[in-house]
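The sequence and its predicted three-dimensional model are supplied below.
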There are 2 protein chains.
Amino acid sequence: MAGRKARGAGSGAGITSRDVAKALNISQSTVSRAFTPGASISPALRDRIFAAAEKVGYRPNLLARGLIAGKSNLIGVVLARQTNLLYPELLYELSGRLAERGYQVLLFPIGDAASVQDAINRIWSFRVDAVLATGVLDEAAVSAFEQHGLPLVMFNRVFDLPISSVSCDFAAGARDLATRLLKAGHRDIGLVGGPEGSFVGAEVERGVRAALAGWADARLSVAHVDYRYESAAEALKLLRREDGGLPGALLCVNDTVAAGCLDQLRGTLGRTVPGDVSVVTFGGFGPARWQSYRLTGMQQPMDQMTDAAIELLVGRIADSQSGVERRSFLPVFMEGDTAAI
Amino acid sequence: MAGRKARGAGSGAGITSRDVAKALNISQSTVSRAFTPGASISPALRDRIFAAAEKVGYRPNLLARGLIAGKSNLIGVVLARQTNLLYPELLYELSGRLAERGYQVLLFPIGDAASVQDAINRIWSFRVDAVLATGVLDEAAVSAFEQHGLPLVMFNRVFDLPISSVSCDFAAGARDLATRLLKAGHRDIGLVGGPEGSFVGAEVERGVRAALAGWADARLSVAHVDYRYESAAEALKLLRREDGGLPGALLCVNDTVAAGCLDQLRGTLGRTVPGDVSVVTFGGFGPARWQSYRLTGMQQPMDQMTDAAIELLVGRIADSQSGVERRSFLPVFMEGDTAAI
DNA sequence: ATCCGATTTGCATACGCATGCAACAAATTT
DNA sequence: AAATTTGTTGCATGCGTATGCAAATCGGAT
């Protein structure tokens, strides 16, 4: 147990193509060719090599392969915590489908703002082939990627820069939702938006205002809070009028905060939903569709968006000349039990 | 635009230490030393190198570094879909804390059983330093890792093999929960377990039976369904007695299915909870704590478990001789609105 | 000035694999 | 049977970095 060699504690940690070659009395390059699709090698020998490799537990070292090819087969995914409950699903789907294409997802979680630069450094260092990022990167970070020729696709965030993106059209969705509320007779609408400066929040507000433009007697109040369930109480406080009343319709930017509003209204505030107040949201997150919530609102077409993201990522890797592309997807209306519309 | 060189479309994709060296008229090894903590280099020169590197956008290539060191700084995380809603949180926390220690999380999603072998192959190929896996790996897969000396830590699954693991003590938790139910007067308990063969399901059942052992007049019915919300209906059908009655207490293995039961009971079946039926669960997932659910049950100490997982992973990487360690954590009781206990 | 020790730098090589080129064997043609 | 083609294999090299060893530089003490 004492005098072990450093390399790999167990038996077959550091098995190389040379080991396989030696076992078969052939050259290392031949072994390499056996594992290179399309390379020149006789089927019989390849089978023998595969068998020998299997026996000694050899697997090609993708790090070394990547070093030569200048391609790591790694795709970096940058994500922040506590933004959207749908993102875990995105992550799962994305990584699964990318795996089918030979890519592996490398995670770059962002804690606070300070860790952004750190994450970017690590992304560089790992030589990922492309990056998918949710809204946590700012313009400076984002343009750095593109300047250095690293394919970047933003998810649910569009910049005024030549950056590819895949996003849900929150403005159109919000306009649609607001219009439905207006047509149903609502004239007093409260918007529970994301934190000040949030892209999605701004888009939603833009859409709502567009819808309200044609209705002179309609009024809009806006509350900016973060995306937590607990923030709903604060939002409702902000939306309360001088006379103590609340808007008859709440448009929430997010499932979590919508659920919070719903619970506040029905619980603490003793309102009925959708009787007294209507609540609509952007979501589609599973639990928000459970019987006790059944939130009415707009659903992001995550499936299509995931596909689009993959297409853009892989496309840019294959052809670095392929240009910037912004794909926008209309959300679909989702019936529920929380709005009289 | 036409005659671009292959290597990296943009400007600084493939910048090497040699480029930095050339710019400063020094040797490549010196640049390397500047980026190697503890290496012999004068502070003045190091500063100049850092400045030059910054200017040309150089970052050390971790793939190459890993090739030499026999260490990739990658930690593979194997996870299946649709198991536990808490796992996204685990993933986020884990990747964040590992990043602080210089490790990056590489994702290996498992779709169907067939993809397990495929995932294992890729794990090998990427030369990850260690692997954390949720319960999707079987004994064969698991022992393959250890035989080849790749540190593996299982999350919430214990094998009768020398494999390290971090897990919540579901048996003890279930025993505690069941005892609470019994002491509150419940004698007819229904267990909504995971799919047949599930580790967690078996553990929970074991715990419940241990609790019931001392109560001769208590009876237990068990329903095995998968972890989906929709499965609750099926579970309740399975638990229905010949006379049409239902158990007075439901012990669910998972937040999702517990929420499903709750909604079925209150909705379709017209029961009150916790009046007619008590529902308890294993969980702690955010939305299951929202006002409309407030599920009573046991919460896994994810924070401690995450820390333990990191400790075991990093420990095994640093010292490959460190032995197998199984860390078990007691879940903590979580008050709620769904059980009369 | 001279020498010694300490510090800093360069040179050469290796990590594991892929690939161009040359060598070779086998299959086909003339 | 010789010439040509086609198909396989080995040799040598490079990807970007780290590191042992030797060379070089520097500071100070003699």
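Happy to help now that I have it. Numbering: from 1, shown residues only, chains lettered A, B, ... in the order given.

Is there proximity between the longest helix belonging to chain A and chain B?
Secondary structure of chain A per DSSP state H: the longest helix is helix A:302-318. No: Helix A:302-318 lies apart from chain B when judged by Cβ under 8 Å from any Cβ of the partner chain; the minimum separation is 8.9 Å. Quick note: C-beta positions are derived from backbone N, CA and C, even for glycine.

Put the alpha carbons of that helix into CSV.
This file holds the C-alpha atoms of helix A:302-318, laid out as CSV (Å, rounded to 0.1, in the frame of the first residue of the first chain):
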residue,chain,number,x,y,z
MET,A,302,-39.1,26.1,-23.7
ASP,A,303,-38.9,23.2,-26.0
GLN,A,304,-38.6,25.2,-29.1
MET,A,305,-36.3,27.7,-27.3
THR,A,306,-34.0,24.9,-26.3
ASP,A,307,-33.8,23.6,-29.8
ALA,A,308,-33.1,27.0,-31.1
ALA,A,309,-30.4,27.6,-28.6
ILE,A,310,-28.7,24.3,-29.6
GLU,A,311,-29.0,25.2,-33.2
LEU,A,312,-27.4,28.5,-32.8
LEU,A,313,-24.6,27.2,-30.6
VAL,A,314,-23.7,24.3,-32.7
GLY,A,315,-24.2,26.3,-35.9
ARG,A,316,-21.7,29.0,-34.7
ILE,A,317,-19.2,26.3,-33.7
ALA,A,318,-19.4,24.6,-37.1
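
Which helix or strand lies directly C-terminal to that helix?
On the C-terminal side of helix A:302-318, the nearest following helix or strand under DSSP states H and E is strand A:326-329.

Contact residues of the stretch 51-200 of chain A facing DNA strand C?
With Cβ under 7 Å from any atom of the strand as the criterion, the stretch 51-200 of chain A meets DNA strand C at residues A:58-61, A:64-65, A:67-69.

hang on, the earlier thing: check which residues of the longest helix of chain A are buried.
By 16 or more other Cβ atoms under 10 Å in any protein chain shown, the buried positions in helix A:302-318 come out as A:302, A:305-310, A:312-317.

what bridges to the closest residue to A:Ser95 other than its chain neighbours?
Residue nearest to A:Ser95 in three dimensions, not counting chain neighbours: A:Val105, with 4.1 Å by Cβ to Cβ, 6 or more residues apart in numbering or on different chains. Judged by DSSP bridges, the bridge partners of A:Val105 are A:Ile75, B:Leu107.

need the contact list for A:Val105.
Taking Cβ atoms under 8 Å, 6 or more residues apart in numbering or on different chains, we find A:Val105 in contact with A:74-77, A:91, A:94-95, A:98-99, B:106-107.

from the chain's centre, how far out does stretch A:323-341 sit?
Relative to the centre of its chain, stretch A:323-341 is centred 16 Å away, using Cα atoms, centre = their mean, to the nearest Å.

Do a quick rundown of the helices in chain A.
Assigned by DSSP H, chain A shows helices spanning A:17-24, A:28-34, A:43-56, A:62-69, A:87-100, A:114-125, A:139-147, A:170-183, A:199-212, A:231-239, A:255-266, A:302-318.

list the helices and strands the lowest-mean-pLDDT helix or strand in chain A packs on?
One helix or strand of chain A scores below all others by mean pLDDT, DSSP states H and E: helix A:139-147, with a mean of 84. Helices and strands touching helix A:139-147, by 3 or more Cβ pairs under 8 Å, 6 or more residues apart in numbering or on different chains; DSSP states H and E, are helix A:114-125, strand A:152-155.
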